[in-house]
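Enquirer: dropping a prediction and its sequence here:
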Amino acid sequence: MRNSLFHVERLEMTTLQTQIREMLVSAMLSGQLPVGAPIPSTRAMAKRLKVSRNTVMLAYQALASDGYLVARERSGFYVSPDIHDGTVAEFELAQPDQTEKPAIDWEGRFRVQPSEQSNIVKPSNWTDYPYPFIYGQADAALFPIAAWRDCMRQSMGRKWLDAWTNDHFAEDDRMLIEQIRQRILMRRGIMANPDEILVTLGAQNALYLLSSLLVKHDSHVAIEDPGYPDIRNIFQLRTDHIHHIPVDSEGIIVDSRLNEAEIAFVTPSHQYPTNATMSITRRKALLAWAAEHNGLIIEDDYEFETNYEGEPTPALKSLDQGQRVLYVGSLSKSLMPGLRMGFMVGPAPLIREARALRRLMLRHPPGNNQGVVALFLALGHHDTLIGRLHRSYRNRWKTMGNALERHFPGWAEAPGFGGTSYWVKGPEWLDCTVLANKALEEGVIIEPGDIHFSNPENHRNYFRLGFSSIAEERIEPGIERLAQIVTALKNA
């Protein structure tokens, strides 16, 4: 066997034992190690890979238990003769048809083409950059890994086995629903029955379900401008009648421009992306519009846990007396984005149909994830984490505010209550797409803001700076470097 076949990476996320196992399985299935071939001794393999002999022995024994290897006394390990059992037998391929056939017109087959929509683009390797002012990512250093691991261990026990091994068709984890009611919705001033709550794969899944159920081809929907690009894209898959309603320091403006709409999408707690908090006066006006025009309001409360000044603002849903507000929440900002755990709250008839639609899409979110999150909430770990996030994010919030005032005076206004980002408006000459590309070369990640507007070409001078995933001590140097790049662009 070639030496290059045997290689492990000590910096990989997987263990050395797992890497050895994967390396050998791949070699056996590809035919590089044929049936009956001897495997290097544990001593030779350990020496070649520079790992302990015990690590290699455990990997070999695991492969033997799974039927990949057979052990022969005083001889060693060999590739099992049964390794290819159950796989498709090789056969001689027929000669390809040489006559030309028309290629499939895929574009003509698609009913919609979401890939052609404008979307926020972020570097996949953002953690490699020294100054990642990226929005929507969590700081892993703040997360209580030990507590989460303990919840996972408990959820794997016999007591909870049925909760994650059974197919629950369309039902959710009852304990999770109760914890959402008691520990999240109550904090937001929302009273809901269990049949008015649906667990989703993040807020995005909830928004797609609502759009699929409520938006027809002739429906008129209103969204904030600037606003959330993904909700614009979701609605555009359903209707061409989208009304872009401006926002000010009090949130979405409620006037005659809303009157044609049947549904309004809003982010009252922290307007996306400006961070403006909707005033109580504006909330009442929006609810009055819904009652007068038989409208529905979709409330995306995506950052309900990141208020740093004053008392937490109640959700718009808590003021709703006519069941016209459909509430969407997510645990991505407080737990981890990759978990994809969200929920929606609405009248029981709506939740019933959303549950049936979700069943057709994915049946239900993974039971093991629901169980772990339920335990994490029930044991108080989430409340503790919220407190830790508040302290850390509040410090970063202030540090970034001070740095922006020092290096970009007058460009940004501090969010009134919190959030995890700053919305920045540069001078008219600044093209933030150019700035973002130049900044990336210098290790600084920023997000151009034009994609949030209905007419991006007139708003090239906006950008957003997130601070949830960057260490506090890196904020000031990062903003200073960004200021130097802006100066260089101005003088170019």
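Expert: Good, I have the coordinates. Numbers count the residues shown, from 1 in each chain.
Enquirer: now residue 464: phi and psi?
Expert: When read as degrees, to the nearest 10, the backbone of residue 464 gives phi -120, psi 140.
Enquirer: excluding chain neighbours, give the residue nearest to it in space.
Expert: Distances taken as Cβ to Cβ, 6 or more residues apart in numbering put residue 447 closest to residue 464, at 4.6 Å, once the chain neighbours are dropped. Yep, even glycine has a C-beta here, placed from its N, CA and C like the rest.
Enquirer: hmm, residue 136 and the one you found touching each other?
Expert: No - between residue 447 and residue 136 there is no contact under Cβ atoms under 8 Å: 9.4 Å.
Enquirer: so these two - more neighbours on which side?
Expert: residue 447 (23 against 17; other Cβ atoms under 10 Å).
Enquirer: show me the contacts for that one.
Expert: 120, 122, 133, 134, 135, 436, 463, 464, 465, 466 (Cβ atoms under 8 Å, 6 or more residues apart in numbering).
Enquirer: please list only the buried members of those.
Expert: Burial of the contacts of residue 447 was assessed by neighbour count (16 or more other Cβ atoms under 10 Å); the buried members are 133, 134, 135, 436, 463, 464, 465, 466.
Enquirer: closest one of these to residue 412?
Expert: Ranked by distance to residue 412 (Cβ to Cβ), those are led by residue 465 at 7.9 Å.
Enquirer: how much space between residue 461 and residue 251?
Expert: Separation of residue 461 from residue 251 (Cβ to Cβ, to the nearest Å): 22 Å.
Enquirer: neighbour count for those two, which is higher?
Expert: It is residue 251, of residue 461 and residue 251, that has more neighbours when counted by other Cβ under 10 Å, with 25 against 19.
Enquirer: quick one: contacts for that one?
Expert: 224, 266, 268, 271, 276, 277, 278, 279, 282, 283 are the contacts of residue 251 under Cβ under 8 Å, 6+ apart.
Enquirer: sort out for me which of the residues you listed are in helices.
Expert: Counting by DSSP state H, those place 282, 283 in helices.
Enquirer: which one of the contacts of residue 251 is nearest residue 105?
Expert: residue 224 (37.6 Å).
Enquirer: any idea how far residue 272 is from the closest one?
Expert: Distance of residue 224 to residue 272, given as Cβ to Cβ: 7 Å.
Enquirer: re earlier: for the residue nearest to residue 464, grab phi and psi.
Expert: Backbone torsions of residue 447, given as degrees, to the nearest 10, read phi -120, psi 110.
Enquirer: relative to residue 421, how far out is it?
Expert: 9 Å.
Enquirer: residue 199 in helix, strand or coil?
Expert: Under the three-state scheme (DSSP: H, G, I helix; E, B strand; the rest coil), residue 199 adopts strand.
Enquirer: now do the same contact list for it.
Expert: Contacts of residue 199 (Cβ under 8 Å, 6+ apart): 172, 173, 176, 177, 180, 341, 342, 343, 364, 365, 370.
Enquirer: measure it to residue 136 for me?
Expert: As judged by Cβ to Cβ, residue 199 and residue 136 stand 21 Å apart.
Enquirer: cool, residue 226 as well?
Expert: As judged by Cβ to Cβ, residue 226 and residue 136 stand 16 Å apart.
Enquirer: circling back to that earlier point, possible to save the contacts of residue 199 as JSON lines with neighbour count?
Expert: Shown next, in JSON lines, are the contacts of residue 199 (neighbours: other Cβ atoms under 10 Å):
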{"residue": "172", "neighbour count": "22"}
{"residue": "173", "neighbour count": "25"}
{"residue": "176", "neighbour count": "26"}
{"residue": "177", "neighbour count": "22"}
{"residue": "180", "neighbour count": "26"}
{"residue": "341", "neighbour count": "27"}
{"residue": "342", "neighbour count": "22"}
{"residue": "343", "neighbour count": "25"}
{"residue": "364", "neighbour count": "21"}
{"residue": "365", "neighbour count": "25"}
{"residue": "370", "neighbour count": "23"}
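Enquirer: in helices only, show me these.
Expert: 176, 177, 370.
Enquirer: ok so, going back, shared neighbours, residue 447 and residue 421?
Expert: Common contact partners of residue 447 and residue 421 (Cβ under 8 Å, 6+ apart): 135, 464, 465, 466.
Enquirer: gap between the first one and residue 273?
Expert: It stands for residue 135. From residue 135 to residue 273 the distance is 8 Å (Cβ to Cβ).
Enquirer: give me the common contacts of the two.
Expert: 421, 464.
Enquirer: among the contacts of residue 199, name the ones in strands.
Expert: Judged by DSSP state E, the subset of the contacts of residue 199 located in strands is 342, 343.
Enquirer: which residue is most remote from the mean position of the protein?
Expert: Farthest-out residue of the chain from its mean C-alpha position, per Cα atoms, centre = their mean: residue 74, at 52.9 Å.
Enquirer: so what pLDDT did that one get?
Expert: Looking at residue 74, its pLDDT is 82.
Enquirer: what's the distance between it and residue 204?
Expert: Distance from residue 74 to residue 204, by Cβ to Cβ: 59 Å.
Enquirer: just the helices in the stretch 151-300 of the chain please.
Expert: With helices called from DSSP state H, counting those that start in this stretch, the stretch 151-300 of the chain shows them at 161-165, 174-179, 202-214, 229-236, 280-292.
Enquirer: how about the last one, which residues are buried there?
Expert: In this case it means helix 280-292. Quick answer for helix 280-292 (16+ other Cβ under 10 Å): 282, 283, 285, 286, 287, 289, 290.
Enquirer: I'd like those residues as a markdown table, with distance to residue 443 and pLDDT appended.
Expert: Formatted as a markdown table, the buried residues of helix 280-292 follow (distance: Cβ to Cβ, whole Å; pLDDT from 0 to 100):
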| residue | distance to residue 443 | pLDDT |
| --- | --- | --- |
| 282 | 40 | 96 |
| 283 | 41 | 96 |
| 285 | 45 | 97 |
| 286 | 42 | 98 |
| 287 | 46 | 97 |
| 289 | 46 | 97 |
| 290 | 47 | 97 |
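Enquirer: and the closest residue in space to residue 21 that isn't next to it in sequence, how many neighbours?
Expert: With Cβ to Cβ, 6+ apart as the criterion, residue 21 has its nearest non-adjacent residue at 4.9 Å, and that residue is residue 59. Using other Cβ under 10 Å, residue 59 has 24 neighbouring residues.
Enquirer: residue 59 touches residue 17, doesn't it?
Expert: Yes - with contact taken as Cβ under 8 Å, residue 59 and residue 17 are classed as touching, separated by 4.8 Å.
Enquirer: ok, back up a step: next one: the residue nearest to residue 464 from residue 273, what distance?
Expert: Residue 447 sits 9 Å away from residue 273, going by Cβ to Cβ.
Enquirer: next: residue 187.
Expert: Residue 187 is 24 Å from residue 273, by Cβ to Cβ.
Enquirer: between those two, which one's more packed in?
Expert: residue 273 (28 against 15).
Enquirer: would you confirm that the more buried one contacts residue 225?
Expert: No - with contact defined as Cβ under 8 Å, residue 273 and residue 225 do not form a contacting pair (11.1 Å).
Enquirer: max-length strand in the chain?
Expert: The chain, longest strand under DSSP E: strand 241-248.
Enquirer: paired strands for that strand, with orientation please.
Expert: strand 220-225 (parallel), strand 251-252 (antiparallel) (DSSP bridges).
Enquirer: lovely, talk soon.
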